[in-house]
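**Q** coords please:
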Amino acid sequence: MLELCSQQDKFSLEFCSCHVIEEQKDCSLSSDMKHLLEMLRKREIKGIIVGAVIIGLLVASFMTSLGFLYTSHYNYPGGVAFHKMHQLAAHQKDSPIRIDVDVCAAQTGVSRSRFGQLFPSWNYSKVEDLTLDQKMEFDYLIAEADMEGILGETHQVVERVAGFSGFKFETVWTFLPLPRLLFTPRVVVLKSRFIL
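**A** A predicted model of the protein is given here:
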């Protein structure tokens, strides 16, 4: 019985020691799991931060591209004026109209070729360095905005076209400077006072 008791004690001791060892394993396993989960959370947070930064940069790039696209529309006031002149004088499409396109308009959107010249009966001139007397002979002038005052006696302004002239930063709220686009009249469409 002593042997049996000692074997039971031995068994219970082994059982107890195994149980304690397994509890320690469980404890170390749970602390390892906690450590692993904590590391994953940190990596997850880093991943979220990196992902948010990437998405933020993509959105900022897209918004900047949209801003440049909007601004570039205003870089071609000559082309816009040329188009508007055709709209304004469309009722005279069969009349022999004489049009002068000055250097500013030609550099900002009016093609040097026949592109955009809609009506065959119209005579388009893109000759540079014309005198004021020669300019007064034209029915329509597409000229830079400064010509408005010079040819005011013989021609009237029928359209002013603004162009992009720069930007300045304005503070929005109390801390965020945002660019504000500046536009000024660049090209005018002048019509002779002597035609209907």
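**Q** quick one, phi/psi of Phe167?
**A** phi -150, psi 160 (degrees, to the nearest 10).
**Q** And Lys42, by the same measure?
**A** phi -60, psi -40.
**Q** Which of the three states applies to Pro179?
**A** strand (DSSP: H, G, I helix; E, B strand; the rest coil).
**Q** ok, now how distant is it from Gly78?
**A** 25 Å (Cβ to Cβ, to the nearest Å). The way it works is simple: take the backbone N, C-alpha and C, and place the C-beta from them, glycine included.
**Q** Please apply the same query to Leu57.
**A** As it turns out, when the distance is counted by Cβ to Cβ, Leu57 lies 36 Å from Gly78.
**Q** follow-up on the earlier one: quick one, which of Pro179 and Gly78 is more surrounded?
**A** For the pair Pro179 and Gly78, the greater number of neighbours falls to Gly78 (26 against 12), based on other Cβ atoms under 10 Å.
**Q** Can you tell me the element that one falls in?
**A** helix 77-88 (DSSP states H and E).
**Q** all helices for the protein, in order.
**A** For the chain, applying DSSP state H gives helices covering 2-73, 77-88, 103-107, 132-136, 147-150.
**Q** contacting residues for Gly56?
**A** Not one residue lies near Gly56 by Cβ atoms under 8 Å, 6 or more residues apart in numbering.
**Q** Leu181 and Met85, how far apart?
**A** Counting by Cβ to Cβ - Leu181 and Met85 are separated by 25 Å.
**Q** again, but for Tyr124
**A** 10 Å.
**Q** what's the pLDDT at Ile55?
**A** pLDDT for Ile55: 90.
**Q** Oops, could you answer that again for Gln8 instead?
**A** Taking Gln8 on its own, its pLDDT is 49.
**Q** Name the residue closest to the centre of this structure, please.
**A** Leu66 (2.0 Å; Cα atoms, centre = their mean).
**Q** quick one on the thing from earlier: tell me which of Leu181 and Met85 has more neighbours.
**A** Met85 (25 against 13).
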